[in-house]
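A.B. asks: below is the structure, and that's it, no one-letter string:
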C-alpha cells in the first residue's frame, strides 16, 4: 500500500461529518491525515479569553483520536488561530493590538498541546483579504510569534495567507525566529510556491506544476466539513484520486516526495512505517 497524506483538511465532529469524512478518504485509498482545527466561531464561541481557544482544539483532538480506527495509517492534529479572527475581534471593538495579544495567547495554548505531545504542529498566518495597515501589522506580529513558538517547540508551522507564489520574506522571518524554512508550510499553495514548503491544493494544474519540479511539496484538499458547503473546498476523495492520476502520468518520484519524504522532512513523521 502506498502512503497517501492529505496535509490540510478539517473534520468537524459537532456540526459536520467528522469521522465519516475520514472514512471516505480511507475508502478512496487515503492513509494519513493532518487535521486542522476549525475557527472557534464554527463552534459558536466568540473568543474573549485564552481558554476559549481550547473548545476548537479539543474537538479536533477528539475527532483525530476517533479517526484512527478508520484509517490504514494515522491522523495528527495541527492546532492554532485562524488569521481571520483579527477582523472578528476588531469588529467587536478590540484594537488591533488587543486582538494581536489575544491571538498570540491562543497560539501559546496551541504550543502547549504540541509540548505535551497532543498535537503535531501549529497553524497561523495573516488575512487573505484586504485589511488596513494596523491590522496587517498586527497579523504579521501574530505570525512571527508562531515562528518563535515553532522554534521553541521544534515543530512545523502551517500558514494561511494571501495567494501568490513568492513567500521568501515570510520564510526569512521564520529563520530570524530560529526555524528552518523547510518547517514552514504554505497551506493552499500554488504549484510553484517558493520560500516555505508548499502544501499544494489538489487542483490538477497546480499539482502537475509541483510534480514537475524537483522540490519538496505535499498535497491537500482544505476540506471544510461544513454541511452547508458539501465538498468545499475539495472533497475528502480528492488527494487519493490525484495521487492515482499522477501515478498514471508517470510521476512516481514526485509522489514519493509528496507522501513520504516531504512529510518526514517537515514534520518528522514516517508515513510508511505507520501504515497498519
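C.D. replies: It's in. Computed from a predicted structure; not experimentally measured. Numbers count the residues shown, from 1 in each chain.
A.B. asks: just so I have it, where are all the helices in this protein?
C.D. replies: Taking DSSP state H, the helices of the chain run over residues 19-27, 53-67, 85-91, 96-115, 133-153, 168-177, 204-211, 238-248, 252-256, 262-267.
A.B. asks: turn the ones you listed into CSV, columns for mean pLDDT, distance to residue 195 and mean neighbour count.
C.D. replies: C-betas here are computed from N, CA, C, even on glycine. Listed next are those as CSV, based on pLDDT from 0 to 100; distance: least, C-beta to C-beta, whole Å; neighbours: other C-beta atoms under 10 Å:
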stretch, mean pLDDT, distance to residue 195, mean neighbour count
helix 19-27, 98, 29, 20
helix 53-67, 98, 27, 20
helix 85-91, 98, 22, 18
helix 96-115, 98, 21, 20
helix 133-153, 98, 13, 20
helix 168-177, 98, 4, 17
helix 204-211, 96, 14, 19
helix 238-248, 98, 23, 20
helix 252-256, 98, 20, 16
helix 262-267, 98, 14, 21
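A.B. asks: want to throw the ones you listed into a markdown table with distance to residue 124?
C.D. replies: Output for the helices of the chain, formatted as a markdown table (distance: least, C-beta to C-beta, whole Å):
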| stretch | distance to residue 124 |
| --- | --- |
| helix 19-27 | 24 |
| helix 53-67 | 13 |
| helix 85-91 | 11 |
| helix 96-115 | 6 |
| helix 133-153 | 3 |
| helix 168-177 | 11 |
| helix 204-211 | 23 |
| helix 238-248 | 23 |
| helix 252-256 | 28 |
| helix 262-267 | 15 |
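A.B. asks: out of these, nearest to residue 226?
C.D. replies: helix 19-27 (10.7 Å; C-beta to C-beta).
A.B. asks: dump the residue contacts of residue 78.
C.D. replies: 8, 34, 35, 36, 37, 119, 120, 121, 122, 123, 158 (C-beta atoms under 8 Å, 6 or more residues apart in numbering).
A.B. asks: if we go to 10 Å?
C.D. replies: Going by C-beta atoms under 10 Å, 6 or more residues apart in numbering, residue 78 touches 7-8, 34-37, 60, 64, 110, 113-114, 119-123, 155-158, 185, 187, 267.
A.B. asks: next one: residue 73
C.D. replies: By C-beta under 10 Å, 6+ apart, the neighbours of residue 73 are 1, 3-5, 26, 30-33, 259, 269-276.
A.B. asks: and for residue 205, nearest residue in space, chain neighbours not counted?
C.D. replies: In space, and not counting its chain neighbours, residue 205 is closest to residue 191: 7.3 Å by C-beta to C-beta, 6 or more residues apart in numbering.
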